[in-house]
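Chemist: I'll drop the sequence and a predicted model, then ask my questions.
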Amino acid sequence: MRPPQILREGDVFEGKVPITSHISVGRRAFLLRIGASQVAREAAPGQFLMFRVGPTYDPLLRRPFSVCRVVGEEVEVMYRVVGRGTALLSERRPGEELKVLGPLGRGFRPPHGPPLLVAGGMGVAPLIFWAQRLRELGYGPTVLLGAASAGELLGEGILREVGAEVRVATEDGSLGFRGTVVELLERELEPSHFVYACGPSGMLRRVVALVEAKGLPCQISVEEVMACGVGACMGCAVRARAGGYLLACKDGPVFDGEEVTL
Ligand SMILES: Cc1cc2nc3c(=O)[nH]c(=O)nc-3n(C[C@H](O)[C@H](O)[C@H](O)COP(=O)(O)OP(=O)(O)OC[C@H]3O[C@@H](n4cnc5c(N)ncnc54)[C@H](O)[C@@H]3O)c2cc1C
Ligand code: FES
C-alpha cells in the first residue's frame, strides 16, 4: 500500500492557454511560460502537464513536461529539444495558444529532515518547483546540480531566484565540484537528510543505492516515455519492487526509492 500523498493535488484542466513568454535558457533548452491560472493554483510539485506541441494534431500524441515554476497565475515549463515534438514546441511563439492537459500524476511528499535535492541535466525542472514550494513551507532546500560541463548546466539562476542553496557538479570540472552529481551527493549526504532526485535513470539508480545503503529516505521522479499520461495505455509501466508494475503517469512520476526497480 502506498503512503498517502500529503500535499493536495488538484483538479485537472484541459483546454487552450496562451503562451506568454518563450526564451532560450541554454543549448537546445527553453523556458516556456503559459497563462494558466487553474494549473497555477492546482499543481503540486512533481506533477506534469501534457502538451499538444504543434498547432495541429500532428504529432498525435501529447508530450509530458514537468511543472517547473509557478509565477502568479502563470506556469513555466523548462525543456530540451530531443526530437520532433520538442522541436515543434520550440517554434511556438508568445501570443499563440497551446493545448494543455494537467496537472497530472503524483508529486513529492514533504520531508522529515533537511531536504537535499539532486538534479541531473533536465531533471532539474520538477525540482525547481519543489524547491520553490519547500521555501514557501519554511524549509531551506539545498540543490546539488549536475551536468557534463558548465555550458550544459540548467536551472542554476532560477533555483537561486526561488531561494535554494545551489552546489554545482560538472563532470569535466569546468564549474564547481569535478565529478558526477552522485559523487557530490556522496560527499554532502548527512544522516538527517531527506533526498529527492530527478535525472537520467542511471543516475537515479546510483542515488537510490547510495541513499539506501545509509538507511535514508528518498523520493525519485522518473521520466518514462508516455503516450496517454492518464493511466489508459499502460505504456509507462515501471517494475515495482513488491512485484508487478506501477504506472509512471498515475502512480508516479514521483516514487519512494524503495518502491520501484529502475
Ligand atoms: C513525467 C515526465 C516529465 C517530463 N518533464 C520534462 C521536462 O520538464 N523537460 C523536458 O525537457 N523533458 C521532460 N520530459 C521528457 C519529454 O517528455 C520528452 O523529451 C519529449 O516527450 C520528447 O518528445 P519529442 O517528440 O521531442 O521526442 P521523440 O521524437 O518522441 O523522441 C526523441 C528521443 O527522446 C527520447 N524520449 C522520448 N520521450 C522521453 C522521455 N519521456 N524520457 C526520456 N527520453 C525520452 C526518445 O526515446 C528518443 O530517443 C518528461 C517526461 C515525463 C514522462
Ligand atoms: S502513459 Fe498511458 S498509462 Fe501511463
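Modeler: Alright, I've got the coordinates. Owing to the predicted nature of the structure, the values given are computational and were not obtained by experimental measurement. Numbering: from 1, shown residues only. Ligands and ions are numbered 1, 2, ... in the order given.

Chemist: Close to ligand 1: what parts of the stretch 1-150 of the chain are there?
Modeler: 48, 63-66, 77-80, 82-86, 122, 125 (Cβ under 6 Å from any ligand atom). In short, each C-beta sits where N, CA and C put it, glycine included.

Chemist: Narrow those residues to those in strands?
Modeler: Residues of these located in strands (DSSP state E): 48, 63-66, 77-80.

Chemist: Residue 157 in helix, strand or coil?
Modeler: Secondary structure for residue 157, judged by DSSP: H, G, I helix; E, B strand; the rest coil, is helix.

Chemist: What is the burial count for it?
Modeler: By the criterion of other Cβ atoms under 10 Å, residue 157 has 10 neighbours.

Chemist: Determine the three-state secondary structure at residue 21.
Modeler: Quick answer, by three-state DSSP: residue 21 is strand.

Chemist: Now it: closest residue in space that isn't a chain neighbour?
Modeler: The spatial neighbour of residue 21 that comes closest, neighbours along the chain excluded (Cβ to Cβ, 6 or more residues apart in numbering), is residue 33 at 4.1 Å.

Chemist: Also residue 126?
Modeler: Residue 126's closest residue in space is residue 66 (Cβ to Cβ, 6+ apart), at 3.8 Å.

Chemist: and the residue in the chain sticking out farthest from the centre, what pLDDT?
Modeler: Within the chain, the residue lying farthest from the chain centre (Cα atoms, centre = their mean) is residue 56, at 26.5 Å. We have a pLDDT of 85 for residue 56.

Chemist: Tell me the spacing between residue 14 and residue 27.
Modeler: Per Cβ to Cβ, to the nearest Å, residue 14 is found 33 Å from residue 27.

Chemist: where in the stretch 1-150 of the chain is pLDDT low?
Modeler: The stretch 1-150 of the chain contains residues with pLDDT under 70 at 1-10.

Chemist: For ligand 2, what's the nearest residue on it?
Modeler: Relative to ligand 2, the nearest point of the stretch 1-150 of the chain is residue 64 (7.9 Å; Cβ to the nearest ligand atom).

Chemist: thinking that residue is in contact with residue 230, fair?
Modeler: No. Between residue 64 and residue 230 there is no contact under Cβ atoms under 8 Å: 10.6 Å.

Chemist: Between the two, which has more neighbouring residues?
Modeler: Between residue 64 and residue 230, counting by other Cβ under 10 Å, residue 64 is the more crowded of the two (25 against 17).

Chemist: Who is the more buried one paired with across the strands?
Modeler: residue 50 (DSSP bridges).

Chemist: List the residues that contact it.
Modeler: Contacts were defined as Cβ atoms under 8 Å, 6 or more residues apart in numbering; by that measure residue 64 touches 48-51, 104, 223, 226, 229, 249.

Chemist: rerun at 7 Å
Modeler: Residues near residue 64 by Cβ atoms under 7 Å, 6 or more residues apart in numbering: 48, 50, 226, 229.

Chemist: ok so, going back, report the secondary structure state of the residue farthest from the centre of the chain.
Modeler: Secondary structure state of residue 56, per three-state DSSP, is coil.

Chemist: if I look at it, how far off is ligand 1?
Modeler: Distance, residue 56 to ligand 1, using Cβ to the nearest ligand atom, to the nearest Å: 14 Å.

Chemist: how much space between that residue and residue 180?
Modeler: 41 Å.

Chemist: now residue 63
Modeler: Distance, residue 63 to residue 180, using Cβ to Cβ: 28 Å.

Chemist: what do you get for residue 152?
Modeler: 13 Å.

Chemist: swap in residue 245?
Modeler: Taking Cβ to Cβ as the measure, residue 245 falls 29 Å from residue 180.

Chemist: So which of the two has more stuff around it?
Modeler: Higher neighbour count among residue 245 and residue 180: residue 180, with 20 against 13, using other Cβ under 10 Å.

Chemist: what about the helices in the stretch 51-200 of the chain?
Modeler: Taking DSSP state H, counting those that start in this stretch, the helices of the stretch 51-200 of the chain run over residues 84-90, 124-136, 156-161, 181-188.
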